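Asker: sequence? don't have it. structure:
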């Protein structure tokens, strides 16, 4: 399931206007003066957390981040991996399956444009039967810093993940003709996200994203049952693995 | 004379556009036909409007000449041929001076039209920008299908002819008025398995991309283009009530002769396979569109494996084999496989503790075996009288029937054996495999040898043997090697088969084919062996037990990375059967 209506183009990073400029427009004239001063203050001296103007501004930032995350999910759901990559800051990093993919133009691009695309990974699917997240883990949490230059968030996810079937058999080659030849499974967990405001254009960007996976199952939509599966952690870095991470996360 | 060289081994001439253009001058007067042309269009003018395609304005004169204006352009004159089938009228023509033409099917009852634009010398580039980039052969006929209607000034119809999956799984025998006979097994929404019963001496089956268009419940329009072979195009409309067809054949045959003729044919439904897609899936969208919503003109889902298969000499392959020959390694570090993967059958210890001799007929090999381990055996070939040790894997393919394989160490060319030993009946069959064919060093060759097992307590028969069989011919089984990798095997002829890959919703999709052999071990228990010839050279040698709907076996292949012997096997489902055995076998004496 997706949030977009039929025929509606999913919002892209550029289309999601989470900049401070749009913020002022949306808040309206009545509070613009107060928020303008808040904006001017952003990044300067911390404000009183009980300041109503600050609280309103923070709520507005939360909404902007929620919107950014929806855009991220929709883009990845549609396989619009180029748009996904544009949502990251230049010096961002993604932790995925034991690997650290660093920098938007390098590791993160490799992760989404190559690994995710090849594995048809990221499409939202309903949780595998029996693997639904606890209610507490289904809650979204967003905390915006008082200076509104950074934020931390947690969002639940339930996605299809996969990897190409590694064989040069004709079966796989033929399956690739119609876009298959990929082993897929269900994966659920939470995104742990750090955002930071871009110094140049004032937009929120993803600075760090961790796929904190809580469960994996051999589930595909339509099935009525699922069994847990294990998936090998990434074990080789780029360029040994052409789609690999820049570094490996030590086993805890 | 029928062809003798298999289509996938034949070296078709790379005809140039100039050669093709010169040959096509012969089409300016239209196609020929053994049957008398019909004449319902003479004197008429038609304006055909198509969806996302051209507007074709035709005037049909006497003597099978027409004029055509495309999209309001200037008129051209061409010869045409016309045949009717019930309410359908089909006409075909080429455009003089161009390497293209049209095959047009008109339903006179509904005024709905299906138009095939056909052309040569496409210049279409595939795998563009990759090291394997190639351009389609100019002789390969391209086609683009447009659905439309005859515009008589009426409101455009809401429903047009459309793609369909309702022909999928059906098989037909056809005999044209030319005397040409074919078996056409439509075991995919995008391909055909076709057997040339008169054009080819060995009656092997091959695969070509196809389109299936539904006119009404008993009428469909069909085409196939023998891409990767001669590139010739066959297109017809068929009535399944009466099993009759009218159509056209256009293209260059193996002798580079231009064929452009229309035909009538009669046929027979020979069976139906189940098709496994959801019941609300009607195949209205061609398969390639699932991946590409804006496919280029002429796009079709075509497997062209030989284009990326790198030729290696026997010596190159053997050098690679000397560097690396592995058996039953399952991981990147050549970790021995001790547990079967996917849905394969379990490895068996049926041979452990046994000593026996396999003696094959007609001077075939004689090998002694002594086996004390589940994964390692010792054998001695009487031709060299040296005990050797080899890794092996065995299954119990049927009760008290061992099915095992191992490499023949130090062999040149590198060889392996796959052996069925029936301890109940004292019979043995070995598939003797080695690297290299007359065509590629990195393909495999196989042959079956039949004999007996000599062992204490077994009295082997003198005359009874396992033997080649056609009992599987016509049957189709899906084989699920894992939950996410399933292939349907269709045993098309006594000496060939095809395999079909399912799409995500289990529609039968991409196909390819190869020669093969079938051996009967017991009722319901068979050996099946094929090499993916002119494809990737990989050999599959499986024991099929239809009683338990399971197969298990081995895969043997070699190339730049050395030679490898591994295991394979899957859960089967019987998908159906075509009654086609009567079309095979030697002709009786005095038969033409």
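Answerer: Looks like it arrived, so ask away. Being a predicted model, the structure only gives us computed values, none of them experimental. Numbering: from 1, shown residues only, chains lettered A, B, ... in the order given.

Asker: How many residues are close by residue A:138?
Answerer: Neighbour count of residue A:138, defined by other CB atoms under 10 Å in any protein chain shown: 13. (C-beta placed from N, C-alpha, C; glycine too.)

Asker: any idea where the strands of chain A begin and end?
Answerer: Ranges of strands in chain A, per DSSP state E, are A:88-96, A:99-102, A:141-144, A:150-164, A:182-197, A:204-217, A:247-248.

Asker: can I assume residue B:344 is in contact with residue B:566?
Answerer: No. With contact defined as CB atoms under 8 Å, residue B:344 does not count as touching residue B:566 (10.4 Å).

Asker: out of the two, which sits in the more crowded spot?
Answerer: The residue with more neighbours, out of residue B:344 and residue B:566, is residue B:344; 22 against 18, by other CB under 10 Å.

Asker: State the three-state secondary structure for residue B:322.
Answerer: Judged by DSSP: H, G, I helix; E, B strand; the rest coil, the three-state class of residue B:322 is helix.

Asker: Please report the distance of it from residue B:566.
Answerer: Note on residue B:322: its distance to residue B:566, by CB to CB, to the nearest Å, is 19 Å.

Asker: Same question for residue B:479.
Answerer: Using CB to CB, residue B:479 is found at 16 Å from residue B:566.

Asker: Over to residue A:109?
Answerer: 35 Å.

Asker: Please apply the same query to residue B:230.
Answerer: 35 Å.

Asker: Same check on residue B:459?
Answerer: For residue B:459, the distance to residue B:566 equals 36 Å [CB to CB].

Asker: where in chain B is pLDDT low?
Answerer: The model of chain B has pLDDT under 70 over residues B:289-291, B:293, B:331-333, B:589-592.

Asker: Let me know how buried the closest residue to chain B within the stretch 151-252 of chain A is, in neighbour terms.
Answerer: Proximity to chain B, evaluated over the stretch 151-252 of chain A using CB to the nearest CB, is greatest for residue A:174 at 3.9 Å. If you count neighbours by other CB under 10 Å, residue A:174 ends up with 22.

Asker: how about the helices of the stretch 1-150 of chain A, start to end?
Answerer: Under the criterion DSSP state H, counting those that start in this stretch, helices of the stretch 1-150 of chain A are mapped to A:20-27, A:29-41, A:52-77, A:81-86, A:109, A:117-119.

Asker: ok, of the ones you listed, where does mean pLDDT dip lowest?
Answerer: When the helices of the stretch 1-150 of chain A are ranked by mean pLDDT, helix A:20-27 comes last with a mean of 28.

Asker: where's residue B:434, which helix or strand?
Answerer: Applying DSSP states H and E as the criterion places residue B:434 in strand B:427-435.

Asker: Which residue comes closest to residue B:28 once chain neighbours are left out?
Answerer: Nearest non-adjacent residue to residue B:28, counting by CB to CB, 6 or more residues apart in numbering or on different chains: residue B:96, 4.5 Å away.

Asker: Tell me how far the residue lying closest to residue B:14 once chain neighbours are set aside lies from chain A.
Answerer: The shortest distance from residue B:14 to any residue other than its chain neighbours is 6.3 Å, reached at residue B:137 (CB to CB, 6+ apart). Counting by CB to the nearest CB, to the nearest Å, the separation of residue B:137 from chain A is 19 Å.
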